[in-house]
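Trainee: Return atomic coordinates for the entry below.
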Amino acid sequence: MAGPRLAVPRLADVSREQFTQHLYPQRKPLVLEGVDLGPCTSKWTVDYLSLVGGTKEVKIHVAAVPQMDFISKNFAYRTLPFNKLVQRAAEEKHKEFFISEDEKYYLRSIGEDPRKDIADIRKQFPLLEGDIKFPDFFRKEQFFSSVFRISSPGLQLWTHYDIMDNFLIQVTGKKRVVLFSPRDAQYLYLSGTKSEVLNIDKPDLAKYPLFSKARRYECSLEAGDVLFIPALWFHNIISEEFGVGVNVFWKHLPSECYDKTDTYGNKDLVAAARAAQILDRALKTLGELPEEYRDFYARRMVLHIQDKAYSKNFE
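Mentor: Residues are numbered from 1 along each chain as shown. Model prediction:
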């Protein structure tokens with residue numbers, strides 16, 4: 001099991017001013033209740049989404065097991081008409097299926113051309129636009145994307161971080177969300193932006209011993225709840241029942257900080273990517289030394305980074 005469990009705070013009827021001036025600067029997760037989201041929380045039933053979403057083809061993840069792993073890719077990409085996806089995702093057992101009768105489905109909506117276009121449900125699903133209001137807690141010019149997510153009951157997404165701030169709007173259904181602070185990155189056994197620890201409730205501590213040190217923040221989301229996930233906070237999501245969610249991402253930093261080719265919002269910041277390349281070159285240079293010297297100078301580099309780069313105030 002992970003380290004200490006902390007509840008994500010919940011606040012009702014938060015104003016834009018209260019959020020932007022007092023809560024947002026804390027850079028910590030927060031569940032907002034009572035946000036005006038429009039009629040989507042009552043309208044977006046399986047029948048309504050099937051009718052209004054229509055037969056538009058969507059690319060989906062299909063998994064034989066509930067616990068999805070993006071590192072080993074234990075799922076297949078398939079295509080379904082949107083109305084068929086909604087109907088199948090709401091089922092426990094399937095008469096029609098790709099892998100097995102109890103397979104799980106996951107949609108993460110994308111732009112028309114994913115290499116060039118960002119996801120925005122207002123463009124990809126225009127007939128649903130009038131049903132949902134995004135929280136008015138950031139400037140319109142900061143908006144990056146709005147991602148439609150549909151999950152089968154029991155589906156668990158891998159632990160990962162995003163490089164932009166994010167409102168996870170739970171439109172229908174229930175989710176359990178577990179988050180980890182960016183400060184605990186060293187305990188999460190990262191592969192890129194993702195953690196190798198799939199089973200966060202019963203982790204293999206023989207394989208991942210440091211995971212027990214990670215502080216775990218947890219919340220349950222029901223229809224109408226909005227979870228603020230600050231950039232760099234790791235999150236792991238279980239759909240406890242069939243549900244629909246919408247993520248709204250926005251740029252917390254100036255636009256030039258972000259990779260212009262990034263349509264998903266998950267590439268590291270330009271400066272961070274450049275620094276990682278420089279570090280790789282430095283480590284390759286250290287490889288020219290005998291092991292005893294390489295070990296010594298690598299440790300000195302780590303101490304130098306801790307002294308010069310780590311924030312003393314960030315908690």
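Trainee: Would you state the helices of this structure in chain order?
Mentor: Counting by DSSP state H, residue ranges of the helices within the chain are 16-18, 40-43, 46-53, 82-89, 121-124, 270-286, 291-308.
Trainee: buried ones in the third one?
Mentor: Within helix 46-53, the residues that qualify as buried by neighbour count (16 or more other CB atoms under 10 Å) are 46, 49-50, 52-53. For glycine as for every other residue, the C-beta is placed from the backbone atoms N, C-alpha and C.
Trainee: Likewise for stretch 289-300?
Mentor: Per 16+ other CB under 10 Å, stretch 289-300 contains no buried residues.
Trainee: I'd like the distance between the residue nearest to residue 65 when sequence neighbours are not counted and residue 198.
Mentor: Distance criterion CB to CB, 6 or more residues apart in numbering; nearest residue to residue 65, sequence neighbours excluded, is residue 74 at 6.6 Å. Note on residue 74: its distance to residue 198, by CB to CB, to the nearest Å, is 9 Å.
Trainee: And those two? Which one has more around it.
Mentor: Legend: neighbour count by other CB atoms under 10 Å for residue 74 and residue 198, higher for residue 198 (21 against 15).
Trainee: which residues does the more buried one contact?
Mentor: 67, 69, 158 (CB atoms under 8 Å, 6 or more residues apart in numbering).
Trainee: And these, which is closest to residue 121?
Mentor: If you rank these by distance to residue 121 using CB to CB, residue 158 comes first, at 22.9 Å.
Trainee: Give me the neighbour count for the residue lying closest to the closest one once chain neighbours are set aside.
Mentor: Leaving aside its sequence neighbours, residue 158 sits nearest to residue 70 (CB to CB, 6+ apart; 4.9 Å). Residue neighbour count, defined by other CB under 10 Å, stands at 18 for residue 70.
Trainee: was I right about residue 13 contacting residue 36?
Mentor: No. Judged on CB atoms under 8 Å, residue 13 makes no contact with residue 36 at a distance of 10.1 Å.
Trainee: Can you list which of the contacts of residue 198 are found in strands?
Mentor: residue 158 (DSSP state E).
Trainee: With pLDDT as added columns, please give the contacts of residue 198 in CSV.
Mentor: As requested, the contacts of residue 198 are exported to CSV (pLDDT from 0 to 100):
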residue, pLDDT
67, 90
69, 86
158, 91
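Trainee: State the distance from residue 106 to residue 214.
Mentor: From residue 106 to residue 214 the distance is 25 Å (CB to CB).
Trainee: So the two - more neighbours on which side?
Mentor: residue 214 (26 against 20).
Trainee: is it true that the more buried one touches residue 188?
Mentor: Yes. Residue 214 lies in contact with residue 188 (CB under 8 Å); the separation is 6.2 Å.
Trainee: Would you mind grabbing the residues shared as contacts by the two?
Mentor: residue 180.
Trainee: What segments of the stretch 1-150 of the chain are strands?
Mentor: 5-7, 10-12, 30-33, 57-63, 75-81, 104-108, 143-151 (DSSP state E, counting those that start in this stretch).
Trainee: export those to JSON lines and tack on mean pLDDT and distance to residue 91?
Mentor: Output for the strands of the stretch 1-150 of the chain, formatted as JSON lines (pLDDT from 0 to 100; distance: least, CB to CB, whole Å):
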{"stretch": "strand 5-7", "mean pLDDT": "91", "distance to residue 91": "33"}
{"stretch": "strand 10-12", "mean pLDDT": "97", "distance to residue 91": "32"}
{"stretch": "strand 30-33", "mean pLDDT": "98", "distance to residue 91": "29"}
{"stretch": "strand 57-63", "mean pLDDT": "94", "distance to residue 91": "13"}
{"stretch": "strand 75-81", "mean pLDDT": "94", "distance to residue 91": "13"}
{"stretch": "strand 104-108", "mean pLDDT": "94", "distance to residue 91": "9"}
{"stretch": "strand 143-151", "mean pLDDT": "95", "distance to residue 91": "13"}
